[in-house]
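# give me coordinates for this.
(one chain, ligands or ions: 2)
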Amino acid sequence: MNMSAKKDSAKDLEIQKRMEQLADEINKHNQAYYVDNNPTISDELYDSLFQELVRLEQQYPQFKTLFSPTERVGAAARTEAVKVKHKIPLLSIHTETDYTAQGAYDFDGRVRRELELTPQDPPVEYDCELKFDGLAVNIRYEKGILVQATTRGDGYEGEDVTANVRTIKTLPLKVENFPDIFEVRGEVILHKSEFKRINEEQKAEGQKLFANPRNAAAGCLRQLDPSVTARRNLSFYAYGYGEVSETVANKHSELLDYLKSKGFPVADTRVLAYGPEELQNFHVRVEKIRDDLPFDIDGVVYKVNSFALQRSLGFVSREPRWACAHKYPPQEVQTVVQDITIQVGRTGKLTPVARLKPVFVGGTTISNASLHNEEFLQNMGVKIGDTVVVRRAGDVIPEIVRVIKELRPDNARDFVMPEFCPVCGSHAYKEEGEKDRKCTGGLFCQAQCVQSILHFVSRKAMGIDGIGEKLAEQLVEKGWVKNISDIYRLTKEQFVSLERMGEKSADNLLASIEKSKSTTLEKFLYAISIPDVGESTARTLANHFRTLKACEDAGLEQLLEVDDVGMSTAEKILHFFAEPKNLQVIQELQDLGVHWEEKGEVDASELVFSGMTFVLTGTLPTLSRDEASDMIRKAGGKVSGSVSKKTSYVLAGEAAGSKLVKAQALSVPIISEEQFMVMLVQGKEE
Ligand SMILES: NC(=O)c1ccc[n+]([C@@H]2O[C@H](COP(=O)([O-])OP(=O)(O)OC[C@H]3O[C@@H](n4cnc5c(N)ncnc54)[C@H](O)[C@@H]3O)[C@@H](O)[C@H]2O)c1
Ligand SMILES: [Zn+2]
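Ligands and ions are numbered 1, 2, ... in the order given. Down below sits the predicted model:
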């Protein structure tokens, strides 16, 4: 055997295995749904498993088994029920797999081909109906009297539910001037309001809740005690016929009109359509009113209207060729995880992303879904190769809801989160107690570049005016800024070459960049995006260590000595300064002229406001709040947000509010900006 033949046979085995797994899985769900009235997966999901098997069977007919679930309708009647053979089988309906307009065109195309119509022939007349989401029943009338009702069962033999069907209030028990034998077919359903009521009742009685109206309807209909069924307002809608002793119509729509005239409930949402475009119009219109209908539907049904044409089209295995169900885009489907890769976000967060075999869900095709983080990955237990359930409802981002472990192939692989950033190669750590793993190369990691520029230039950091998100993105895209130190290498030529950037703004920008070079240690420590180091931690670090070198060299113990630096922050600071490339960027910044005054070892107690706490309130005549706060801190004082007995002074301006009242109540001295400035110079109150 040559290599490629060997590969082929391995692939064949894999496909065969998949088909067996799918068949087992579908059979299991058939049992749960049809026999136990207790489905464990959504219909949409079931449909997508089913459709995958159908496709594989078409592609690889040699692997199709005799017992394939695609050959059968529903499930056999329960053993405890009385079984009834149908005079005429109750089959299923073909479901169009294309949920878009194409579905209507596909169906019409097939019908026209089968009927050997040419493009010159007129459009086919169709009857369009709702596809009720309930249970099919066959109701037999003899001489106008309801004598027997049966469920569909496996299509050939169903369960006798006569006593229960008789309790349906909208169904005539006796029909005048009816043919000797007439079997009416239709759907038994529960209205949504009734479903809600029943579930509330079940809950109050501590009984099991029904998953959806269809299952509740099935449960009520197949209930062995008719008095229970009678208390549940089941509804019935007619849409077809079985054995009849007399022809009453030549077209499907006429038959439904006839049944309606005889007192049978027939849904009003029903139209005649000519050709595929009109079919699709109906599909679209019904989708718009779907949620407002009093009962659940799972699509629409198109039927060739003429009985004569229906007869010439006939049946294929379990379905008539003259009808099809056109459903709505599912919001939940299954697909396969082909790979798991890492995406690095702007903040350095490493996110595992499942690369999916493209699948149509919630109206669009998706091929990726976020797995969020390690914890999510673990809880989900997803492996590469797994079949997963993907959900996308409305505009919501697609998500993986569950792994179908039964469909896991033997060669499924575990995914392990990397310890290095895939973009820049820096260490990626997950701190104790945190969910996210983060890249520590904040200063030069390409993935984080835009974010770090925006942070670097922000007002409380280096205070460079004029670099917003758009510009930052451009600077990175052009490759001009690879790390933040490159900001100080930007030239006027570069700026003016950008769209919508005039000479004047370029000059202003460059001036602002130049001005930012003169800064303070606390602003610099804040600007370089050390994880967890916000404005206030940067300040305490600067006050504590006084020089950048001391801060860089600090060990864990020394860091923990700093006020409000806990274990997790200390570790992040350590990791940050342990990354040689971060140190390199810091050095480059200094080489390019960024500087500040290093305070050296000043004794904090010598400062004017040391040991004092200030509270600011109202609008000061000349200083902004940030400026006043800065001045207080530089002079060794603290700024607090609320007045207490420990407050030394309240610095009050125009329109001061409740803080002023509180200060008066606690006899805290209140000072004006003018008094404050004097104190700052003289060291005490005037
Ligand atoms: N969730 C699960 O575990 C699970 C398991 C098995 C089946 N299912 C669901 O059941 C479906 C398969 O069941 P199916 O064979 O009954 O096929 P179907 O429900 O796709 O279509 C056939 C049925 O449509 C109904 N119907 C509603 N309105 C109609 C109308 N106007 N005219 C004609 N028929 C109409 C009839 O009951 C008919 O038997 C799947 O599509 C799936 O959604 C779900
Ligand atoms: Zn990185």
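
# which stretches of the stretch 551-686 of the chain form helices?
Ranges of helices within the stretch 551-686 of the chain are 556-561, 567-578, 580-591, 625-634, 658-665, 673-682, based on DSSP state H, counting those that start in this stretch.

# work out the gap between the first one and the centre of the chain.
With C-alpha atoms, centre = their mean, to the nearest Å as the basis, helix 556-561 stands 43 Å off its chain's centre.

# helices or strands next to it in the packing?
On a contact count with 3 or more C-beta pairs under 8 Å, 6 or more residues apart in numbering; DSSP states H and E, helix 556-561 meets helix 567-578. All C-beta atoms are positioned from the backbone trio N, CA, C, and that covers glycine.

# pLDDT on the helix it packs on, on average?
Throughout helix 567-578, pLDDT has a mean value of 91.

# can you give me how far that helix is from the chain middle?
Counting by C-alpha atoms, centre = their mean, helix 567-578 comes out at 34 Å from the chain centroid.

# any residue of that helix touching ligand 2?
No. Judged by C-beta under 5 Å from the ion, helix 567-578 and ligand 2 are separated, with a smallest distance of 12.6 Å.

# buried residues, that helix. List them.
Burial within helix 567-578, assessed by neighbour count using 16 or more other C-beta atoms under 10 Å, is assigned to 569-573, 575-577.

# can you list contacts of it?
Residues outside helix 567-578 that contact it (C-beta atoms under 8 Å, 6 or more residues apart in numbering) are 427, 429, 431-434, 440, 442, 530-533, 537, 541, 551-552, 554-556, 559-560, 565, 582-583.

# got it, and stretch 15-26?
Taking C-beta under 8 Å, 6+ apart as the rule, stretch 15-26 contacts 46, 49-50, 52-53, 56-57, 60, 63-65, 67-69, 404, 406-407, 409-410.

# to residue 130, which of the helices of the stretch 551-686 of the chain lies closest?
Smallest distance to residue 130 across those (C-beta to C-beta): 57.9 Å, for helix 567-578.

# residues of the stretch 351-500 of the chain that sit close to ligand 2?
Taking C-beta under 5 Å from the ion as the measure of proximity, the stretch 351-500 of the chain contacts ligand 2 at 421, 423-424, 426, 439, 441, 445.

# how does it look with 8 Å?
With C-beta under 8 Å from the ion as the criterion, the stretch 351-500 of the chain meets ligand 2 at residues 421-426, 428, 439-441, 445-448.

# now, those that are in strands?
Counting by DSSP state E, these place 428, 439 in strands.

# neighbour count and pLDDT added to the residues of the stretch 351-500 of the chain next to ligand 2, as TSV?
Shown next, in TSV, are those (neighbours: other C-beta atoms under 10 Å; pLDDT from 0 to 100):
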residue	neighbour count	pLDDT
421	23	94
422	14	92
423	19	89
424	23	89
425	12	90
426	22	90
428	26	92
439	27	92
440	25	87
441	27	84
445	26	88
446	15	84
447	21	87
448	26	90
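
# any buried residues in the lengthiest helix in the chain, and which?
Ranked by number of residues, the top helix in the chain under DSSP state H is helix 3-30. The neighbour-count check on helix 3-30 (16+ other C-beta under 10 Å) flags 18-19, 21-23, 25-26, 29-30 as buried.

# which one is residue 132 nearest to, not counting chain neighbours?
Among residues not flanking residue 132 along the chain, residue 187 sits closest, at 3.8 Å (C-beta to C-beta, 6 or more residues apart in numbering).

# and the helix or strand the one you found falls within, what does it pack against?
If you go by DSSP states H and E, residue 187 is part of strand 181-190. For strand 181-190, the helices and strands in contact under the criterion 3+ C-beta pairs under 8 Å, 6+ apart are strand 135-142, helix 213-221, strand 234-244.

# anything in it near ligand 1?
Yes. Using C-beta under 6 Å from any ligand atom, we find that strand 181-190 touches ligand 1 at residue 187.

# buried stuff in the helix or strand just after that strand?
Toward the C-terminus, strand 181-190 is succeeded by helix 192-204 as the next helix or strand (DSSP H and E). Neighbour counts over helix 192-204 (16+ other C-beta under 10 Å) mark 194-195, 198-199 as buried.

# apart from its chain neighbours, what residue comes closest to residue 620?
Here the residue nearest residue 620, using C-beta to C-beta, 6+ apart, is residue 653, at 3.9 Å.

# ok, the one you found to residue 321 distance?
Here residue 653 is placed at a distance of 85 Å from residue 321 (C-beta to C-beta, to the nearest Å).

# and the stretch 151-300 of the chain, which of its residues are near ligand 1?
The stretch 151-300 of the chain comes close to ligand 1 at residues 152, 187, 239, as judged by C-beta under 6 Å from any ligand atom.

# if you set the cut-off to 8 Å instead, what comes out?
Those residues of the stretch 151-300 of the chain that sit near ligand 1, judged by C-beta under 8 Å from any ligand atom, are 152, 185-187, 237, 239-240, 267, 297-299.

# closest one of these to residue 306?
residue 240 (14.8 Å).

# re earlier: which one of the helices and strands packed on strand 181-190 lies closest to residue 344?
For the helices and strands packed on strand 181-190, the distance to residue 344 is smallest for helix 213-221, at 45.1 Å, taking C-beta to C-beta.

# between strand 234-244 and the closest one, find me the angle.
Helix 213-221 and strand 234-244 are oriented at 70 degrees to each other (axes from the mean of the first three to the mean of the last three C-alpha atoms, to 10 degrees).

# quick revisit: using CSV, lay out the buried residues of helix 192-204 together with pLDDT.
Below are the buried residues of helix 192-204 laid out as CSV (pLDDT from 0 to 100):
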residue, pLDDT
194, 94
195, 93
198, 92
199, 91
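
# run through the stretch 1-150 of the chain and note the low-pLDDT ranges.
For the stretch 1-150 of the chain, the stretches with pLDDT under 70 are 1-5.

# for the stretch 501-650 of the chain, same thing?
599-606.

# same thing with the stretch 301-450 of the chain?
With pLDDT under 70 as the threshold, the stretch 301-450 of the chain has low-confidence stretches at 393-395.

# that one: strands as residue ranges?
Using DSSP state E, counting those that start in this stretch, the strands assigned to the stretch 301-450 of the chain run over residues 315-316, 319-320, 323-326, 332-344, 349-361, 364-370, 387-391, 399-403, 428-429, 437-439.

# can I get the fifth one in CSV? Just the C-alpha atoms.
Just to be clear, that refers to strand 349-361. C-alpha atoms of strand 349-361 as CSV (Å, rounded to 0.1, in the frame of the first residue of the first chain):
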residue,chain,number,x,y,z
LYS,A,349,-4.4,39.2,28.0
LEU,A,350,-3.9,35.8,26.4
THR,A,351,-7.2,34.5,25.2
PRO,A,352,-7.6,30.9,23.8
VAL,A,353,-9.7,30.9,20.7
ALA,A,354,-11.4,27.8,19.2
ARG,A,355,-10.9,27.7,15.4
LEU,A,356,-14.1,26.1,14.3
LYS,A,357,-15.1,24.2,11.2
PRO,A,358,-17.2,27.1,9.7
VAL,A,359,-20.9,26.7,10.6
PHE,A,360,-24.0,28.7,9.9
VAL,A,361,-25.6,29.8,13.1
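
# and it, which strands flank it?
Using DSSP bridges, the strands paired with strand 349-361 are strand 332-344 (antiparallel), strand 364-370 (antiparallel), strand 437-439 (antiparallel).

# check contacts around residue 210.
195, 198-199, 202, 216, 219.

# give me the element it is part of.
Residue 210 belongs to no helix or strand when elements are defined using DSSP H and E.

# again, but for residue 494
Assigned by DSSP H and E, residue 494 falls in helix 492-497.

# doesn't residue 286 make contact with residue 130?
Yes. Here residue 130 reaches residue 286: they are 6.7 Å apart, a contact under C-beta atoms under 8 Å.

# which residues do those two both contact?
Between them, residue 130 and residue 286 share these contacting residues under C-beta under 8 Å, 6+ apart: 269, 297, 300.
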